[in-house]
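1. starting from these lines, generate the structure:
(chains A and B)
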2 protein chains.
Amino acid sequence: MIDYVAMAEMIRGWVEEAGDILRESLADNSIKVEEKTNPSDLVTEMDRFIEKFYVQKIQEHFPDHKILGEEGTYDTFEDLKGFIWVIDPIDGTLNYVKQKRNFCSMLAVFNDGEPVLSFINDVIHEELYEGVKGHGVRCNGHLMEPIAEHPISEGLVSINTRMEMRDPERARSIVGDSLGVRLMGSSGLEMVQVISNRISAYVTTPLSFWDVAPGMVMAAELGLKMTRPDGEPIKLLENNPIIIANPMAYEQIIGKFSN
Amino acid sequence: MIDYVAMAEMIRGWVEEAGDILRESLADNSIKVEEKTNPSDLVTEMDRFIEKFYVQKIQEHFPDHKILGEEGTYDTFEDLKGFIWVIDPIDGTLNYVKQKRNFCSMLAVFNDGEPVLSFINDVIHEELYEGVKGHGVRCNGHLMEPIAEHPISEGLVSINTRMEMRDPERARSIVGDSLGVRLMGSSGLEMVQVISNRISAYVTTPLSFWDVAPGMVMAAELGLKMTRPDGEPIKLLENNPIIIANPMAYEQIIGKFSN
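-> Below is the predicted model of the structure:
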């Protein structure tokens, strides 16, 4: 039996250290930025530095584990056997650059294709979320409560900008049924809002696997539904559009995608 | 000559005290909520309590000043002569209730129709913004820098949910020119994002005067433009749709409303 709680304890230290490095990096006002695919897809020196930091820790302690990282670190995956680590060193790099807040650093661990551990560090707000299969979700060590079911009419929703642009009818239909929109601009923090019941649903166009992977074990532990909008499970290691919501709101939103 | 700096110093103490009360109010988990005009327009005991707290302070120190408050405190205004105080005890009450964060407490002071002082207290993030005519804007005592002009293509934008629902073509046009949308769900905090250069523009359907008043002196002090979307000045004591942005982004957005 693998002791996921002990494993989480060690990883937590790395994630905290990465958070400290990121916080300090904002103090010196000289973030070096490059565009990746377009002006809103950025990479900084720190994205690469933090990914490298995690990779070194993983390789030191778990030399036979495989790694998928946003900034180019990846092994070949012939199947989902064994341990796979998914790294998003800075999720919300645009916020990191423009806002110096509202970004997070994330890790997710899969064992034989099953999500078993994940970490989302809301660095500036100093909130570290940690999900451990079978042991719930903690924020800064405090166990979080399962989310009570409620319809979208009783909650706020988050819909990413691209969905608003490309699928405006459906976006407006979801928003119109809700109490309003909130959008932070980091998929990790958007998932954290749902996990914390501060928003009731997060709906997006396809995102990279590292953007959504950490939500999976947390959603499962708190009784939330998290799938692709066609109701199919998240496809591991691939790009996925997602819905994450409490079961009642989830059914309402899924219904809007089936017709 | 009225010493606005000395006046601001006294008011700051009240706003800090109101922030402490609001922070404590979230600890006991028993917020009493009523609907006002619709399910997303809420009022809590604390809205009323904080408004009363400000009114008592104002009446004690400035008995001849007039007051406009969100929760029903208002004098009759035959003209804009003399001092008028505008109170929004909790801006973002829906966030206060659903998120226990992302709300603020705001005050604005006008003298003979001119905005002279304002306060926006981002209570949970412990950031108190303070604008004093002729003396700039401070966040927790630190003087803020004027915003460098830049086009919307280089920044993030905030557009309120109602505008997205009622004027989707224009909303999408603005969003499409920008790097993306962010939305906190509190007009006060939305204005704070622009004032801090974390977003480049905030565009909304008509809001109550207490929702927008505190932005006026801050925008003026930092070189931002803030008007109605038809380019007309904000109408004092009335409901106003607004644009607040750096001059370059402002001109681009205004252009979308003129055709």
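
2. A:Arg162: neighbour count?
-> For A:Arg162, the count of nearby residues is 18 (other C-beta atoms under 10 Å in any protein chain shown). Heads up, the C-betas are built off the backbone N, CA and C, glycines and all.

3. work out for me the element it sits within.
-> Assigned by DSSP states H and E, A:Arg162 belongs to helix A:161-166.

4. contacts for that helix?
-> Residues outside helix A:161-166 that contact it (C-beta atoms under 8 Å, 6 or more residues apart in numbering or on different chains): A:170-171, A:183, A:185, A:203-205, B:164, B:172, B:175-176, B:180-181.

5. and that helix, what's buried?
-> Neighbour-count burial for helix A:161-166 flags A:Thr161, A:Arg162, A:Met163, A:Glu164 (criterion: 16 or more other C-beta atoms under 10 Å in any protein chain shown).

6. and A:Gly215, which of the three is it?
-> helix (DSSP: H, G, I helix; E, B strand; the rest coil).

7. correct me, but it touches A:Asn240?
-> No - contact criterion C-beta atoms under 8 Å: A:Gly215 and A:Asn240 do not qualify, at 10.6 Å.

8. what are the C-alpha coordinates of the longest helix anywhere in chain A, in CSV please?
-> Ranked by number of residues, the top helix in chain A under DSSP state H is helix A:4-25. Taking Å, rounded to 0.1, in the frame of the first residue of the first chain, the C-alpha atoms of helix A:4-25 are listed here in CSV:
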residue,chain,number,x,y,z
TYR,A,4,-0.3,8.9,0.0
VAL,A,5,-0.6,11.0,3.2
ALA,A,6,3.2,10.7,3.8
MET,A,7,3.9,11.4,0.2
ALA,A,8,1.7,14.5,0.3
GLU,A,9,3.5,15.7,3.3
MET,A,10,6.8,15.8,1.5
ILE,A,11,5.4,17.3,-1.7
ARG,A,12,3.7,20.0,0.3
GLY,A,13,7.1,21.3,1.4
TRP,A,14,8.2,21.6,-2.2
VAL,A,15,5.0,23.5,-3.2
GLU,A,16,5.5,25.8,-0.2
GLU,A,17,9.1,26.5,-1.3
ALA,A,18,8.0,27.2,-4.9
GLY,A,19,5.4,29.6,-3.5
ASP,A,20,8.1,31.4,-1.5
ILE,A,21,10.3,31.7,-4.6
LEU,A,22,7.4,33.1,-6.6
ARG,A,23,6.5,35.6,-4.0
GLU,A,24,10.1,36.9,-3.8
SER,A,25,10.3,37.0,-7.6
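
9. contacts made by the helix or strand following that helix with the rest, please.
-> Downstream of helix A:4-25, the next assigned helix or strand under DSSP H and E is strand A:33-35. Around strand A:33-35, the neighbours that count as contacts under C-beta under 8 Å, 6+ apart are A:Asp41, A:Leu42, A:Val43, A:Thr44, A:Val97.

10. are any of those buried, and if so which?
-> Applying 16+ other C-beta under 10 Å to the contacts of strand A:33-35 flags A:Leu42, A:Val43, A:Thr44, A:Val97 as buried.

11. possible to save the residues you listed as TSV with pLDDT?
-> Shown next, in TSV, are these (pLDDT from 0 to 100):
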residue	pLDDT
A:Leu42	73
A:Val43	81
A:Thr44	87
A:Val97	93
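
12. biggest separation within the residues you listed, which pair?
-> Among those, the pair separated by the greatest distance (C-beta to C-beta) is A:Val43 and A:Val97, at 9.9 Å.

13. re earlier: so how far is the longest helix of chain A off the chain centroid?
-> Put simply, helix A:4-25 sits 16 Å off its chain's centre (C-alpha atoms, centre = their mean, to the nearest Å).

14. quick check: A:Gly185 vs B:Gly72, distance?
-> 36 Å (C-beta to C-beta, to the nearest Å).

15. and if you look at A:Ile50?
-> In terms of C-beta to C-beta, A:Ile50 sits 51 Å off from B:Gly72.

16. number of nearby residues for A:Leu207?
-> Around A:Leu207 there are 18 residues (other C-beta under 10 Å).

17. that one touches A:Ile243, doesn't it?
-> No - A:Leu207 is beyond contact range of A:Ile243, at 11.9 Å (criterion: C-beta under 8 Å).

18. just to revisit the earlier point, make TSV from the buried ones among the contacts of strand A:33-35 and add secondary structure and distance to A:Gly223 to it.
-> Conversion of the buried ones among the contacts of strand A:33-35 to TSV gives the following (DSSP: H, G, I helix; E, B strand; the rest coil; distance: C-beta to C-beta, whole Å):
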residue	secondary structure	distance to A:Gly223
A:Leu42	strand	35
A:Val43	strand	36
A:Thr44	strand	36
A:Val97	helix	36
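
19. got CSV for these, with distance to B:Ala8 too?
-> Output for the buried ones among the contacts of strand A:33-35, formatted as CSV (distance: C-beta to C-beta, whole Å):
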residue, distance to B:Ala8
A:Leu42, 38
A:Val43, 42
A:Thr44, 38
A:Val97, 33
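
20. tell me which stretches of the stretch 101-250 of chain A form helices.
-> A:161-166, A:168-177, A:187-195, A:209-222, A:247-258 (DSSP state H, counting those that start in this stretch).

21. phi, psi for A:Asn160 please.
-> With angles defined as degrees, to the nearest 10, A:Asn160 sits at phi -70, psi 160.

22. now the helix holding A:Arg162 - C-alpha only, PDB.
-> This file holds the C-alpha atoms of helix A:161-166, laid out as PDB (Å, rounded to 0.1, in the frame of the first residue of the first chain):
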ATOM      1  CA  THR A 161     -13.000  34.300 -22.100                       C
ATOM      2  CA  ARG A 162     -12.600  32.000 -25.100                       C
ATOM      3  CA  MET A 163     -15.900  30.400 -24.500                       C
ATOM      4  CA  GLU A 164     -17.600  33.800 -24.200                       C
ATOM      5  CA  MET A 165     -16.100  34.700 -27.600                       C
ATOM      6  CA  ARG A 166     -16.600  31.400 -29.400                       C
END
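
23. would you tell me which residues of the stretch 1-150 of chain A are close to chain B?
-> Counting by C-beta under 8 Å from any C-beta of the partner chain, the positions of the stretch 1-150 of chain A adjacent to chain B are A:Pro39, A:Ser40, A:Leu94, A:Asn95, A:Lys98, A:Gln99, A:Lys100, A:Arg101, A:Asn102, A:His125.

24. isn't there a strand covering the first one?
-> Pointing back at A:Pro39 there. No - assessed with three-state DSSP, A:Pro39 is coil; it does not lie in a strand.

25. what's the nearest residue to it if we skip its chain neighbours?
-> B:Leu179 (6.3 Å; C-beta to C-beta, 6 or more residues apart in numbering or on different chains).

26. gap between the one you found and A:Ile254?
-> 30 Å.

27. higher neighbour count, these two?
-> Taking neighbours as other C-beta under 10 Å, B:Leu179 and A:Ile254 compare with B:Leu179 leading, 24 against 18.

28. nothing else from me, thank you.
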